[in-house]
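# Return atomic coordinates for the entry below.
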Amino acid sequence: MTSARGVILLAAVALACRPDRGGGATAGDISISHAVVPAPPSPSEASVFLSIDNLGFEADTLTAARSPEADSVLLHEMVANRMQVAAALPIPPGGPVRLAPGSYHLMLHGLTRRLAAGDTVTLELHFARAGTATLRAPVLRYTEAVEEVSSPHH
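This next block holds a predicted model:
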């Protein structure tokens, strides 16, 4: 009985502490984690979800994003159930700021190839204070991508 209880406990701990599947990077006081691309139904567009932490004492701003896998990368914000392009995203100290479904997110436009689960996408995020962070985001099934960026294991 004790060994079975131990196995269950170890399994529960392993699930609670599972490693992040998303990509990450740092630049200055900015730490990016849980970066994922949900496998897109469209051959030409995809969204990017991620979490940004400002570990410093001064606010920063996400000012631009680029990817060699897309013609352009735009920051979108959901307003009244409609996507709108946002010029920049403030990143206050503390955090995290999550780019997730129904909120801010990045959109890859003009994909250079069709993305499928298992692929990776290179992203450059440009911050006003911290500079540029380069990371690789895995392409996951939609439900896995949403779970990665929104689960409480951050």
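# From now on I want contacts and neighbour counts done on CA atoms only, so please keep to that.
Noted.
# can you tell me the distance between the two ends of stretch 54-71?
Start and end residues of stretch 54-71 are separated by 28 Å (CA to CA, to the nearest Å).
# how about it: buried residues?
54-55, 60-67, 69-70 (16 or more other CA atoms under 10 Å).
# pLDDT averaged over it, what's the number?
Taken as a whole, stretch 54-71 has an average pLDDT of 97.
# Show me the contact partners of it.
Stretch 54-71 is contacted by residues 29-31, 72-75, 87-96, 108-113, 121-130 when judged by CA atoms under 8 Å, 6 or more residues apart in numbering.
# to the chain's geometric centre, what's the distance from it?
Relative to the chain's own centre, stretch 54-71 is displaced by 11 Å; criterion: CA atoms, centre = their mean, to the nearest Å.
# Then stretch 51-60?
15 Å.
# same thing with stretch 114-125?
11 Å.
# ok, back up a step: need the buried residues of stretch 54-71 in TSV (columns: secondary structure and distance to P43).
Shown next, in TSV, are the buried residues of stretch 54-71 (DSSP: H, G, I helix; E, B strand; the rest coil; distance: CA to CA, whole Å):
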residue	secondary structure	distance to P43
N54	strand	33
L55	coil	36
D60	strand	33
T61	strand	30
L62	strand	27
T63	strand	26
A64	strand	23
A65	strand	20
R66	strand	18
S67	coil	16
E69	coil	12
A70	strand	11
